[in-house]
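*Asks:* let's see this in three dimensions:
(one chain, ligands or ions: 2)
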Amino acid sequence: MKVIAVANQKGGVGKTTTAVNLSASLAAKGQKVLLIDADPQANTTSSLIDKKEVSGSFYHLFDESIDSAINPSLIIHEKVRENLDLLPGHISSAKIERINSSKSLAALRRALKRTNPYNQVVIDCPPALGNIVEACLMAATHLLIPVRCDYLSLDGIEDLQDTVVSIQEFNQDLAILGVLRTFYDGRLKITESVDQSLKETFTDLVLTTCIPATVRVQEAPGYRQTLVEYAPHANATRAYRELAQEVIIRVQKTTA
Ligand SMILES: Nc1ncnc2c1ncn2[C@@H]1O[C@H](COP(=O)(O)OP(=O)(O)O)[C@@H](O)[C@H]1O
Ligand SMILES: [Mg+2]
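*Replies:* Ligands and ions are numbered 1, 2, ... in the order given. You can find the predicted model right below:
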């Protein structure tokens, strides 16, 4: 089972948008997908379902006072879309940051061994480098890093490299699936500079697919829809479809 963590310690770079729409695009290609919302903000969850429907959430995998080996199937919402299951997030997940044992943080890794088989598991990580991200990266086989093409990202490319190094310390077997350029606008000079710096630093880890900036992306979650549903013909929708294809190919290549 391939487990892709979508992570970057910066907020607002498109992690949640990518987790939701990559998952939906993989599912539309017939892959069985589990999407995990590890961010206490639970935006992935509210993009797909009504939060009021959530009782058990990501947090319960870690809550030893309930049952240290809670069966993930009790929490997973099956078929939130065709081929797509959701392990929802909730604000209570923030309490995971207070756990101080790495055995407890391995709860997600253990839980994934007990789920039904999926082709791909996609995890939406919070914008941090704390316990939750550590737990996600212990469970992941691949790391996907969205990078927003703006001036602040250019400024943060060294930080990003440090992030990748610290992330690999959590999990030596973790393969970098790639760096995904988001908010891409080829007409802007800044995009060219970000492109160049990313390629110098990450060379062939920079994915071919880039996600254009489109207002459609911001509108879709308000209707609790994925891009495939809300704007099937938008450029960003096509880009996420291409990303799904590129991810399938890269995952195979980077798996021994
Ligand atoms: N390609 C895009 N074009 C336009 N807006 C985008 C795009 N990707 C993300 N956004 C918007 O930017 C904001 C942050 O995106 P989000 O996916 O939540 O980032 P993160 O999870 O990294 O914090 C959201 O309002 C989202 O709708
Ligand atoms: Mg997010």
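*Asks:* just the helices from the stretch 101-250 of the chain, written as ranges.
*Replies:* Assigned helices in the stretch 101-250 of the chain, in chain order: 102-105, 107-112, 131-139, 151-155, 157-170, 189-202, 215-219, 227-230, 235-253 (criterion: DSSP state H, counting those that start in this stretch).
*Asks:* could you dump the last one to CSV, C-alpha only?
*Replies:* Taking Å, rounded to 0.1, in the frame of the first residue of the first chain, the C-alpha atoms of helix 235-253 are listed here in CSV:
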residue,chain,number,x,y,z
ASN,A,235,-7.3,24.3,-16.0
ALA,A,236,-6.6,23.4,-12.4
THR,A,237,-8.9,20.3,-12.7
ARG,A,238,-7.0,19.1,-15.7
ALA,A,239,-3.7,19.7,-13.8
TYR,A,240,-4.9,17.6,-10.9
ARG,A,241,-5.8,14.8,-13.3
GLU,A,242,-2.3,15.0,-14.8
LEU,A,243,-0.8,15.0,-11.4
ALA,A,244,-2.7,11.8,-10.5
GLN,A,245,-1.2,10.2,-13.6
GLU,A,246,2.3,11.5,-12.8
VAL,A,247,2.0,10.3,-9.2
ILE,A,248,1.0,6.8,-10.3
ILE,A,249,4.0,6.5,-12.5
ARG,A,250,6.4,8.1,-10.0
VAL,A,251,5.2,6.0,-7.1
GLN,A,252,5.9,2.8,-9.1
LYS,A,253,9.4,4.1,-10.0
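*Asks:* can you spell out which helices and strands pack onto that helix?
*Replies:* Other elements packing on helix 235-253 under the criterion 3 or more CB pairs under 8 Å, 6 or more residues apart in numbering; DSSP states H and E are strand 2-6, helix 15-28, strand 175-184, strand 206-212, helix 215-219, helix 227-230. The C-beta positions use only the backbone N, C-alpha and C, and glycine is treated the same way.
*Asks:* residues in contact with that helix?
*Replies:* With contact meaning CB atoms under 8 Å, 6 or more residues apart in numbering, helix 235-253 is reached by 2, 4, 18, 21-22, 24-26, 28-29, 31, 120, 142, 144, 177-178, 180, 207-214, 216-217, 227-228, 231.
*Asks:* try 7 Å this time
*Replies:* 2, 21-22, 25-26, 29, 142, 177-178, 180, 207-212, 214, 216-217, 227-228, 231 (CB atoms under 7 Å, 6 or more residues apart in numbering).
*Asks:* quick check: residues of the stretch 101-250 of the chain near ligand 1?
*Replies:* Residues of the stretch 101-250 of the chain lying close to ligand 1 by CB under 6 Å from any ligand atom are 127, 182, 183, 211, 213, 214, 217, 218, 236.
*Asks:* got a markdown table for these, with neighbour count, distance to residue 254 and pLDDT too?
*Replies:* Shown next, in a markdown table, are these (neighbours: other CB atoms under 10 Å; distance: CB to CB, whole Å; pLDDT from 0 to 100):
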| residue | neighbour count | distance to residue 254 | pLDDT |
| --- | --- | --- | --- |
| 127 | 16 | 25 | 92 |
| 182 | 24 | 21 | 96 |
| 183 | 23 | 26 | 95 |
| 211 | 29 | 21 | 98 |
| 213 | 18 | 28 | 94 |
| 214 | 18 | 29 | 93 |
| 217 | 24 | 27 | 96 |
| 218 | 10 | 32 | 96 |
| 236 | 22 | 25 | 98 |
